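**Q** Got a sequence here, can you build the structure:
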Amino acid sequence: MVFDWFHLTVPPAPAMFAQLLVGLINGAFYAMLSLGLAVIFGLLNIINFAHGAQYMLGAFCAWFLLNALGLGYWPALILAPIIVGALGIVIERLLLRHIYGLDHLYGLLLTFGLALIIEGVFRQQYGSSGQPYAIPPELQGGQRLGFMFLPNYRAWVIVASLVVCLGTWFTIERTRLGAYLRAATENPVLVQAFGINVPRMITLTYGAGVALAALAGVMAAPIYQVSPLMGSNIIITVFAVVVIGGMGSILGAIVSGFSLGLVEGLTKVFYPEASSTVIFVIMALILLVKPAGFFGRAR
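**A** Reported below is the predicted structural model:
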């Protein structure tokens, strides 16, 4: 298919802003998921391919809490990340701990296998169709801004994801805890000599990264429905976002997540056929020019 620049038509403003909103929503989830990946890779040096499955687990955990215990969206927003994060701690203690120091490929294969197992179990039980999850009553409806209609829930997702992302960045880059985490990646023996339990810190960091994925899953449930395939549908794009921002870069994960979501939204406006591939084209170009990514450092 040939792109005809001369017959390119500019869509109406409401349609353009609506697609930009969709892109910003997608970017919010890209940022949160790539942020969790960056935290895990930065400290554990493991490419966590199970991140998409853990995102799906967060959504399903919220769905279970609603249907089994009658707990709505707001309790699930707190409980689901804690539950899935605790499961991540168990995975780190039982499996991942044994492959530290090995090549990245071992971690990738192990977590990829975990993702297939988790997704397979849920597909066997629930099929491939999505389960509905209602928007909380407090966030139903929307606001008319003149140039577009802004649903309240989508506005909440954008603001909440920004707060979570910036809060995580501040914790890692501007606090004493973050300094310990960064130091542990460079010289764990020296950090342990100061009385800091590095293995426990690594375990809790993995749990926190998994909890970020689960939090994104809870927030995504009312928008995309709860499906066993929701993690596999997004994780490849998220890995491309992480590569573009820079593996292990917290700021790169946030900036590239939101930016690429907007680029994807704009592409859907002007050239919809390329919207599913534009991020991967950008990734290929970045790898040619700056292999470490925009904010990454050569290792």
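
**Q** can you map out the helices along the stretch 51-200 of the chain?
**A** 51-69, 73-94, 104-126, 152-174, 176-186, 188-193, 198-224 (DSSP state H, counting those that start in this stretch).

**Q** which ones are touching the closest residue to Gln143 other than its chain neighbours?
**A** Distances taken as CB to CB, 6 or more residues apart in numbering place Leu150 nearest to Gln143, at 4.9 Å, with adjacent residues excluded. Using the backbone N, CA and C atoms, a C-beta is placed for each residue, glycine as well. Listed by CB atoms under 8 Å, 6 or more residues apart in numbering, the contact set of Leu150 reads Leu21, Gly142, Gln143, Arg144.

**Q** Thought Trp156 was touching the third one, still the case?
**A** Right, Gln143. No - with contact defined as CB atoms under 8 Å, Gln143 does not reach Trp156; the gap is 11.7 Å.

**Q** okay, the two: which has more neighbours?
**A** When Gln143 and Trp156 are compared for neighbours, Trp156 comes out ahead with 15 against 10, by other CB atoms under 10 Å.

**Q** Excluding chain neighbours, give the residue nearest to that one in space.
**A** Residue nearest to Trp156 in three dimensions, not counting chain neighbours: Leu139, with 5.4 Å by CB to CB, 6+ apart.

**Q** Report the contact partners of that neighbour.
**A** Asn152, Tyr153, Trp156.

**Q** Need those in JSON lines (columns: pLDDT and distance to Met247).
**A** Listed next are these as JSON lines, based on pLDDT from 0 to 100; distance: CB to CB, whole Å:
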{"residue": "Asn152", "pLDDT": "93", "distance to Met247": "36"}
{"residue": "Tyr153", "pLDDT": "95", "distance to Met247": "32"}
{"residue": "Trp156", "pLDDT": "95", "distance to Met247": "30"}
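
**Q** Would you tell me which one of the residues you listed comes nearest to Ala59?
**A** Tyr153 (14.7 Å; CB to CB).

**Q** Can you give me every residue that contacts the closest one?
**A** Contacts of Tyr153 by CB under 8 Å, 6+ apart are Ile135, Pro136, Leu139, Gln140, Pro222, Ile223.

**Q** Would you mind listing where the protein has pLDDT under the threshold?
**A** Applying pLDDT under 70 to the chain flags the ranges 1-14, 297-299.

**Q** which helix is the longest one in it?
**A** Ranked by residue count under DSSP state H, the longest helix found in the chain is helix 13-44.

**Q** List the buried residues for that one?
**A** By 16 or more other CB atoms under 10 Å, the buried positions in helix 13-44 come out as 16-44.

**Q** picking that back up, buried only: go through the contacts of Tyr153 for me.
**A** For the contacts of Tyr153, buried by 16+ other CB under 10 Å: Ile135, Pro136, Leu139, Pro222, Ile223.

**Q** Could you dump these into TSV with distance to Ile250 added?
**A** Output for the buried ones among the contacts of Tyr153, formatted as TSV (distance: CB to CB, whole Å):
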residue	distance to Ile250
Ile135	30
Pro136	29
Leu139	28
Pro222	27
Ile223	25
